[in-house]
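>>> Task: produce atomic coordinates for the following.
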Amino acid sequence: MQPIQQRGDFIGAGGVFLVLSLLAHPACSQPAGAGSAAAPTPAAPAAPAQEAPAPGLTQPVPGKGGVAAEKTRSYDDFERPQACAGCHRDIFQQWEQSMMAQAFTHEWDEIEYFDLAVPHAAREPKVAAVKAECNGCHTPMAFLAGDVPPPRPAKRSRANEGVSCDVCHVIRGSATARPFNFSYVVEPGKTKVGPRGDRESPHHATMKLDFISTAEYCGTCHNEQSPYGVWVKSTQIEYAEGPYPRMGLKCHDCHMPKAEGKISSTSNGTEVSHQHLFFGAHVDSKIRGAIELRMHADRREVEPGETVKLTLYLFNAKAGHKIPSGSVEDRQLYVHVEARDAKGAVTHLPVDRKGFPGEEYTLASDELAWHDLGEARGIADFPGLPRDGLPIGDRIFRQAYLNPRGALTIMQWYTASLGVDYRIGPLETKVETYTFKVPVNAPPGPLVVQATLNYRLLVKTIGDHLGVPAEETADRLINDTTTTLTVLD
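The predicted model follows:
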């Protein structure tokens, strides 16, 4: 959800996970000169080169981006994805099952927009613009056409096309140096941009655009400021400030991996190109193993009643941004540790406290929270919901989003400040300890301690309250590890 007012060129970065990057695909059919069934349209000239901007920034382009672009286009300015499927059959199938295609129709996004954002916009003037601006990234055509609010997905309007092929392939740049809040500038028409300029197509002209291959391209929607000027999404900023740019790795390398295939039905043979898989937080195979775990105890043999200290290491080995990223306010990344003795008795191990400011947000609790869900929906005296719905004392890797009253909020557009940021950065290792007193009645034999790192797309108590499908709040296994002690007789 992108409910923000454009604020110009924001150079400063804030520290605000697995992301679905707004990335671009090879825009066409075959190298110039190759035969095709229909007369080809000649390739358009390449965009002029620009002096390289500072890391994480881009050279702004003329044109209307962000809030200035609302009501400047019509749905008819953009081709339907099915038109692209005529030649790009495999790419279309990849896109259609991705969250790009479901950016507007996905159940939680529908509930969050229509049941929270739209009614809240009607009640709170400070966030009134969210009714239009969420659509800037969830259904760009609807925003550009001024179709606000768009019909619900059940109406099957063109808003359902979400982040479509044509939207991505007519973006010419960002209106601001720091890309954020749908700052993309579009030029719909018969010229489609891509990472290659040697393409000819029977359907459209093609133009090479370097911007489409940059992380800043993704940042036009994967950076977001709230109406209060707070970075509530900063995936591209996190990437730019991390080690991956120096390693030569971009968003595309992880979320649109290269593979050999046939780009178009008119292509002669296969070639290596970025696939349109858009691996992200909703893809179990993408998040599985993203963080590596290892655990050891301060000794291997113990007696009943003794105290043991266990140390757990969590290493972000896979993501070029923090985990979680993106819709951080929704996510729960938490580690659960338990010990099982030789007779199968299980003991839960709460994490040791570290004492840093704001640590209470990172320790699973069932205190009542999320009171502003009532405010958004006009429910007086809403009692709130249990905060986490997790085993008490488990460690949560999160950033706290706080509303104007300083209370925890799930609504990023209502975020006036940020609390503690206890997420796991790229190539960062978090270290947690667990002090465990072996039960006095523990039987002799193996005592197996297991740490399990789970991920939830949405806080379960909120999802259950709002009727969100259970798959959104289900535990998704990231990784686990064990260490075995021996209880002496």
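>>> in the protein, what spans have low per-residue confidence?
1-52 (pLDDT under 70).
>>> Which residue ranges of it form helices?
Taking DSSP state H as the test, the helices found in the chain are 81-85, 89-96, 107-111, 118-123, 130-133, 135-138, 140-145, 165-168, 215-222, 235-241, 251-255, 284-287, 372-377, 460-466.
>>> Buried ones in the last one, by neighbour count?
If you call a residue buried by 16 or more other Cβ atoms under 10 Å, then helix 460-466 has these buried ones: 460-463, 466. (Glycine included, C-beta is placed from N, CA and C.)
>>> again, but for the first one
Buried positions in helix 81-85, judged by neighbour count with 16+ other Cβ under 10 Å: 81, 84-85.
>>> Dump these to CSV, plus distance to residue 202.
Formatted as CSV, those follow (distance: Cβ to Cβ, whole Å):
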residue, distance to residue 202
81, 18
84, 13
85, 15
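>>> so which of those residues comes closest to residue 408?
Closest approach between these and residue 408, by Cβ to Cβ: residue 81, at 38.3 Å.
>>> How about residue 56: what's its closest non-neighbour residue?
For residue 56, ignoring the flanking residues on the chain, the nearest one in space by Cβ to Cβ, 6 or more residues apart in numbering is residue 240 at 3.1 Å.
>>> Would you confirm that that neighbour contacts residue 54?
No. Residue 240 lies out of contact with residue 54 (Cβ atoms under 8 Å); the separation is 9.4 Å.
>>> Of the two, which one has the most company?
Legend: neighbour count by other Cβ atoms under 10 Å for residue 240 and residue 54, higher for residue 240 (22 against 10).
>>> Give me the distance between the more buried one and residue 302.
To residue 302, residue 240 is 47 Å away according to Cβ to Cβ, to the nearest Å.
>>> What of residue 388?
31 Å.
>>> same question, residue 386
Residue 386 is 35 Å from residue 302, by Cβ to Cβ.
>>> before we move on, what about residue 192?
Relative to residue 302, residue 192 is positioned 66 Å away (Cβ to Cβ).
>>> and if you look at residue 336?
Distance of residue 336 to residue 302, given as Cβ to Cβ: 22 Å.
>>> mind listing the strands for the stretch 151-300 of the chain?
Ranges of strands in the stretch 151-300 of the chain, per DSSP state E, counting those that start in this stretch, are 171-174, 184-186, 191-194, 199-200, 205-208, 223-225, 231-234, 258-261, 271-274, 291-297.
>>> just those: most buried one?
Most buried of the strands of the stretch 151-300 of the chain by mean neighbour count (mean count of other Cβ atoms under 10 Å) is strand 223-225; its value is a mean of 27.
>>> List the neighbouring strands of that one plus their orientation.
Strand pairing for strand 223-225, using DSSP bridges, gives strand 231-234 (antiparallel).
>>> Just list the residues touching the nearest residue to residue 307 once chain neighbours are set aside, thanks.
Closest residue in space to residue 307, ignoring its immediate chain neighbours: residue 437 at 4.9 Å, by Cβ to Cβ, 6+ apart. Residues in contact with residue 437 (Cβ atoms under 8 Å, 6 or more residues apart in numbering) are 305-308.
>>> Now distance to residue 478 and neighbour count too, for those, in CSV please.
As requested, the contacts of residue 437 are exported to CSV (distance: Cβ to Cβ, whole Å; neighbours: other Cβ atoms under 10 Å):
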residue, distance to residue 478, neighbour count
305, 34, 11
306, 31, 16
307, 29, 10
308, 25, 19
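>>> Specify which member of these is nearest to residue 176.
Using Cβ to Cβ, the shortest approach to residue 176 within these belongs to residue 308, at 53.8 Å.
>>> OK, contacts around that closest one?
297-299, 302, 435-438, 485.
>>> got the residue ranges for the strands in the stretch 351-489 of the chain?
Secondary structure of the stretch 351-489 of the chain, counting by DSSP E, counting those that start in this stretch: strands at 368-369, 385-386, 395-397, 399-402, 417-421, 429-437, 445-456, 476-487.
>>> Find the one among the ones you listed with the highest mean neighbour count.
Mean neighbours per residue, mean count of other Cβ under 10 Å, is largest over those for strand 395-397, with a mean of 25.
>>> what's in contact with that strand?
Strand 395-397 has contacts (Cβ under 8 Å, 6+ apart) with 314, 323-324, 332-335, 351, 361-364, 388, 390, 422-424, 430, 432.
>>> Who are the contact partners of the residue nearest to residue 384 when sequence neighbours are not counted?
Distance criterion Cβ to Cβ, 6+ apart; nearest residue to residue 384, sequence neighbours excluded, is residue 368 at 3.8 Å. Contact partners of residue 368, counting by Cβ under 8 Å, 6+ apart, are 383-387.
>>> what's the burial count for residue 406?
Considering only other Cβ under 10 Å, residue 406 is surrounded by 11 other residues.
>>> my guess is it contacts residue 414, does it?
No. In this structure residue 406 lies outside contact range of residue 414 using Cβ under 8 Å: 12.0 Å.
>>> Pretty sure residue 214 sits against residue 250.
Yes. Residue 214 is within contact range of residue 250, at 7.0 Å (criterion: Cβ under 8 Å).
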